[in-house]
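Visitor: Sequence isn't available, so here's the structure alone:
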Ligand SMILES: [Zn+2]
């Protein structure tokens, strides 16, 4: 079997699939808007949304095509092996040279399309707040972080394989597991590299949020406001922290655009995830994913013939990492997401139901509508794309479910309607 031919065929098939999905998505921009979300955009805004989405999707197709061509050329010309030959034959130096070439091409590619997306498209529609200075700093930070992470994993893979041989899969799975735990543990520190956090001021919002969480058995460690408005006008909120002690992070854009009750509704929803152990279940799933990646890494380094097909003299651990990462991102993750996105949509309905039972149904609807409006959401997405890839039900589906839930709740407590 020629591994290079196999890789090029797989690459082409995934490209065709992505193109098919993008074209389906483009068609869906003309879908009629469901009645329960028809008040989100007025005529002008909706026209602007369509123009914005069409432009976004155009650039997405261009970027997908360029990425396909670039990868295809790099692979068919054995560019990685050619670049590695410029350096000495030490195993680690060889691996590092492949990582270096990959980080450079990815960095340039990411900077070009990142620039088009943030500074041209988002700018044109008034979402971008990134200055050119922040943009360049972000790109440099991204390249440095990805170089450090990729080098770390590559050296780990090399050391483990040379030391453990066939027990590699198990050891690599364990190491990846530790790594993922470490990343989620260090996430608050990483986000500090990119954003500033300030404590939420005392007042109605703070009191209401604390009351809601403590009532449900959580303790609030800190409530912080993140300066998301430095980059974008889009808004969000999330929990961090292990167990029942939580740090709450609110985007400053959310605080300035929502009422305290709407923000509480969003957190009643987040609590719903906690009560159903959704995060834990997701973690278990991501460990299964890690096991599959480790197995994939095991087979990738087991066959030196793979590397010969791509022009190397021996196993190159940097190239092995690229292969594993590409197989993960292009094949394993999309297949996994068929299952996980379906599960996640069910979890979202359950979390919404929690907000309804806390008495925040109405506020959740208005909060979701505001979020959809600010994030310029697609109100009538393609049904197949929703089924295959959406982690959340569409806004219209969620509102239908929340309203049905509110009816049941009000039937349960006849006095509360009076
Ligand atoms: Zn959710």
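Guide: Arrived safely. Note that the coordinates shown come from a computational prediction; the quantities given were computed from them, not determined experimentally.
Visitor: Check the burial of residue 397 by counting its neighbours.
Guide: Residue 397 sits with 18 neighbouring residues when counted by other CB atoms under 10 Å. Any C-beta I mention is one placed from the backbone N, CA and C, and that applies to glycine too.
Visitor: With adjacent residues omitted, what lies nearest to residue 278?
Guide: What sits nearest to residue 278 in space, not counting adjacent residues and going by CB to CB, 6 or more residues apart in numbering, is residue 347, at 4.6 Å.
Visitor: and the next element down the chain from the helix or strand hosting that neighbour?
Guide: Assigned by DSSP states H and E, residue 347 belongs to helix 333-357. Where DSSP H and E defines the elements, the next helix or strand beyond helix 333-357 is helix 361-374.
Visitor: what comes up buried for that next one?
Guide: 361, 363, 364, 365, 367, 368, 369, 370, 371, 372, 373, 374 (16 or more other CB atoms under 10 Å).
Visitor: buried residues in the next helix-or-strand element following that helix?
Guide: Remark: after helix 361-374, the chain's next helix or strand is helix 383-389, criterion DSSP H and E. Neighbour-count burial for helix 383-389, counted by 16+ other CB under 10 Å, picks out residue 386.
Visitor: try stretch 271-279
Guide: 271, 272, 273, 274, 276, 278.
Visitor: Touching, the third one and residue 349? I think so.
Guide: In this case it means residue 273. No. Look at residue 273 against residue 349 with CB atoms under 8 Å: they stay out of range, at 11.4 Å.
Visitor: Could you report the distance from residue 389 to residue 217?
Guide: 34 Å (CB to CB, to the nearest Å).
Visitor: actually residue 12, not the one I wrote
Guide: 52 Å.
Visitor: which bits of the chain sit near the ion?
Guide: Contact residues (CB under 5 Å from the ion) of the chain with the ion: 348, 351.
Visitor: so where's the stretch 101-250 of the chain uncertain?
Guide: 230-235, 241-243 (pLDDT under 70).
Visitor: Give me the phi and psi angles of whichever residue of it sits closest to the ion.
Guide: When scored by CB to the ion, the stretch 101-250 of the chain has residue 238 as its residue closest to the ion, at 9.6 Å. Main-chain dihedrals, residue 238, degrees, to the nearest 10: phi -160, psi 170.
Visitor: what sits against it?
Guide: For residue 238, the contacting residues are 248, 249, 270, by CB atoms under 8 Å, 6 or more residues apart in numbering.
Visitor: Dump those into TSV; add neighbour count and secondary structure as well.
Guide: What follows is those, written out as TSV (neighbours: other CB atoms under 10 Å; DSSP: H, G, I helix; E, B strand; the rest coil):
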residue	neighbour count	secondary structure
248	24	strand
249	22	strand
270	20	helix
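Visitor: Among the residues you listed, pick out the one closest to residue 208, please.
Guide: When the contacts of residue 238 are ranked by distance to residue 208 (CB to CB), residue 248 comes first, at 12.0 Å.
Visitor: Skipping adjacent residues, who's closest to that closest one in space?
Guide: residue 223 (4.6 Å).
Visitor: Please apply the same query to residue 151.
Guide: residue 99 (5.6 Å).
Visitor: quick one, what contacts the one you found?
Guide: With CB under 8 Å, 6+ apart, residue 99 has these contacts: 147, 150, 151, 154, 318, 321.
Visitor: give me that answer again for 6 Å
Guide: 150, 151, 154, 318 (CB atoms under 6 Å, 6 or more residues apart in numbering).
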